[in-house]
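Asks: sequence first, then the predicted structure:
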Amino acid sequence: MKQDEGAIQAGTPVIADALARFVTRYDAASLPADVSRRAKLLMLDAVGNAFASTRFDFAHCALDAMREFGTGDSEVIGMPHKLALRDAVLMNAILVHGLDYDDTYLPGSVHLTASCVPVTLGVGGQRACSGMDLLAACVLGLEIDARLGIAGNGGFLRAGFHATSILGTFACTLIAGRLMQLNAQQLVMAQGIALSTASGNMQPMQDGSWTKRMHPGWSGVGAITAAMLAKHGFIGPSAAYEGRFGLFPHFLGEYFKNANLGAITRGLGEKWEFPRASIKLYPACHQSHAFMNATRKLVAEHAIKPDDIESILALVADPAVPLICEPLELKRSPDSSYGAQFSLPYGIACCIARGRFGLKELEEPSYTDGALRRLASKVSYKIDPNSGFPKFRSGEVIVSMRDGRVLSKRESVLPDEPAGDAEIVDKFMTNVAPVMSTPLRLH
């Protein structure tokens, strides 16, 4: 583990206590205006993504399953049914994260809103919290989620765990605990209980299956359960993060040596990390975005036509390979919308042939298109020796043309490169328009 100023030594159970005191004592009126504004935009983006997901089969399958457990008084975004609190949180998180169109805090490889927003809306709505209290709880959860991601230093992904799911459990526990008005000691216990509910691995990225979509929601279910148990006196371990089998030593394994636990609490409440989260403008894994940007620029600069291409080589960061490149033959011919989202060859092919990668590219007429599959079959990859992961996401595309030219472009997606406010609002309006019965206006 990196030892730097303010670093927390393994074996000293202070992290949960520090986070509990921060969350229970933070005054909502102290939120900086720019931090509040960014949080509202992130929440808007999350809700818009949820509306967009209601058009897809996975959303209706999930809702049918949740309804088997009965009804309740908690809203499901964009759908005419109400569920019990934890079922609604699971369902809403599936909707927010289902298209992989939600924000990403790149330094920690964490989708922040996918778990934090459904828990905030669910618990806050059930307890009739004020808008200010709801916003403050969400902000604190987003911030802690981001900081836990920084502390992992890319290790969760390397170890095969879905950081969004693992870390979201703790962030959501703190959100739920604040909204339930737990005291600091109860919130320490809640974090310890949450350790036994944290889960989520990257296996669904290998075959395009659906389970990654439910990870953030399961984080929310575990978090609400942990907070409620702690409220009623249930006891959990106090060293949830740094104990021998705590979050960081246990889930990171061999990568724990690279962790920086001091990043969790250093400057907490003074320097805000979560506003750096990037809003996606492509509904695909963030590991592909730099390649898509590079490909579109190459096409625009050189008027590339699919039939003129001999081969395409992508230089990919090693940790991204199992997400977007392997198994290669399956990635070249995705057989589902989810497979399409996590296919670098297909994404590059769409950007060459169509100049875009949007929601329409997730529909079956696109990902089964023969011309796109033939173009995707020309894409291969090598490990990028100059990758900046996890500080940023880089992508280099090298196109060999039939006339002998070799064209290349390298792009990077940086943590401090979020979409502008207008782009976020436009994305929201585009996402909700197909499912709104009447036009929506934002002021």
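Replies: Perfect, thanks for sending it. Residues are numbered from 1 along each chain as shown.
Asks: can you give me the buried ones in the lowest-mean-pLDDT helix or strand in the chain?
Replies: Ranked by mean pLDDT, DSSP states H and E, the weakest helix or strand in the chain is helix 204-207, scoring a mean of 82. Within helix 204-207, the residues that count as buried by 16 or more other C-beta atoms under 10 Å are 204, 205. The C-beta positions use only the backbone N, C-alpha and C, and glycine is treated the same way.
Asks: elements contacting it?
Replies: helix 321-324 (3 or more C-beta pairs under 8 Å, 6 or more residues apart in numbering; DSSP states H and E).
Asks: go ahead and name everything in contact with the very next helix or strand once past the helix it packs on.
Replies: Moving toward the C-terminus from helix 321-324, the next helix or strand (DSSP states H and E) is helix 328-332. Helix 328-332 is contacted by residues 207-208, 324-325, 339, 342-346, 373, 376-377, 379-381 when judged by C-beta atoms under 8 Å, 6 or more residues apart in numbering.
Asks: for the stretch 1-150 of the chain, which spans come out with low pLDDT?
Replies: Applying pLDDT under 70 to the stretch 1-150 of the chain flags the ranges 1-13.
Asks: helix or strand right after the least confident helix or strand of the chain?
Replies: Past helix 204-207, the next helix or strand by DSSP H and E is helix 215-231.
Asks: what residues of the helix or strand following that following helix count as buried?
Replies: For helix 215-231, the following helix or strand on the C-terminal side (DSSP H and E) is helix 247-252. Judged by neighbour count (16+ other C-beta under 10 Å), helix 247-252 contains these buried residues: 247, 248, 249, 251, 252.
Asks: elements contacting helix 247-252?
Replies: Helix 247-252 packs on helix 131-152, helix 155-158, helix 163-179, going by 3+ C-beta pairs under 8 Å, 6+ apart.
Asks: and these, which is most packed in?
Replies: helix 163-179 (a mean of 31; mean count of other C-beta atoms under 10 Å).
Asks: and the strands in the stretch 1-150 of the chain?
Replies: Here the stretch 1-150 of the chain has its strands, by DSSP state E, counting those that start in this stretch, at 74-75, 82-83.
Asks: quick one: strands adjacent to the last one?
Replies: Right, strand 82-83. When pairs are called by DSSP bridges, strand 82-83 turns out to pair with strand 74-75 (antiparallel).
Asks: ok, and what's touching the strand it pairs with?
Replies: By C-beta under 8 Å, 6+ apart, strand 74-75 touches 82, 83, 84, 85, 87, 88, 89, 121, 122, 125, 126.
Asks: can you turn the buried part of those into a PyMOL selection?
Replies: To isolate the buried subset of those in PyMOL, counting by 16+ other C-beta under 10 Å, use the following:
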select buried, resi 83+84+85+87+88+89+121+122+125+126
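Asks: closest to residue 43 among the contacts of strand 74-75?
Replies: residue 121 (8.4 Å; C-beta to C-beta).
Asks: who touches that closest one in this structure?
Replies: 75, 92, 134.
Asks: now do 10 Å
Replies: Neighbouring residues of residue 121 by C-beta atoms under 10 Å, 6 or more residues apart in numbering: 43, 46, 47, 50, 74, 75, 77, 88, 89, 92, 134, 138.
Asks: repeat that for residue 204.
Replies: Applying C-beta under 10 Å, 6+ apart, the residues near residue 204 are 162, 210, 211, 212, 213, 214, 215, 338, 342.
Asks: PyMOL command for the buried members of these?
Replies: Buried residues among the contacts of residue 204 (16+ other C-beta under 10 Å), as a PyMOL selection:
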select buried, resi 162+210+212+213+214+215+338+342
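Asks: what's the lowest-pLDDT member of the contacts of residue 204?
Replies: Least confident of the contacts of residue 204 in the model: residue 338, at 85.
Asks: okay but residue 97 is in contact with residue 118, surely?
Replies: Yes: with contact defined as C-beta atoms under 10 Å, residue 97 and residue 118 form a contacting pair (9.3 Å).
Asks: and residue 157, how far is that from residue 230?
Replies: Distance of residue 157 to residue 230, given as C-beta to C-beta, to the nearest Å: 29 Å.
Asks: find the centremost residue of this structure, please.
Replies: residue 111 (1.8 Å; C-alpha atoms, centre = their mean).
Asks: now do that one against residue 158, distance only.
Replies: Going from residue 111 to residue 158 by C-beta to C-beta gives 17 Å.
Asks: and what of residue 78?
Replies: Per C-beta to C-beta, residue 78 is found 35 Å from residue 158.
Asks: filter the contacts of helix 328-332 down to the buried ones.
Replies: By neighbour count, with 16+ other C-beta under 10 Å, the contacts of helix 328-332 hold 208, 324-325, 339, 342-346, 373, 376-377, 379, 381 as buried.
Asks: strands - which of those land there?
Replies: Among the buried ones among the contacts of helix 328-332, the ones falling in strands (DSSP state E) are 379, 381.
Asks: ok, the buried ones among the contacts of helix 328-332 vs residue 360, which is closest?
Replies: Nearest member of the buried ones among the contacts of helix 328-332 to residue 360, counting by C-beta to C-beta, is residue 346, at 13.2 Å.
Asks: residues in contact with that closest one?
Replies: Taking C-beta under 10 Å, 6+ apart as the criterion, residue 346 is in contact with 284, 288, 324, 331-334, 339-340, 357, 361, 366-367, 369, 372-373, 375-376, 379.
Asks: try it again at 7 Å.
Replies: Counting by C-beta atoms under 7 Å, 6 or more residues apart in numbering, residue 346 makes contact with 331, 334, 340, 367, 372, 376.
Asks: over to residue 208?
Replies: With contact set as C-beta under 7 Å, 6+ apart, residue 208 has these partners: 334, 335, 336, 338, 339, 342.
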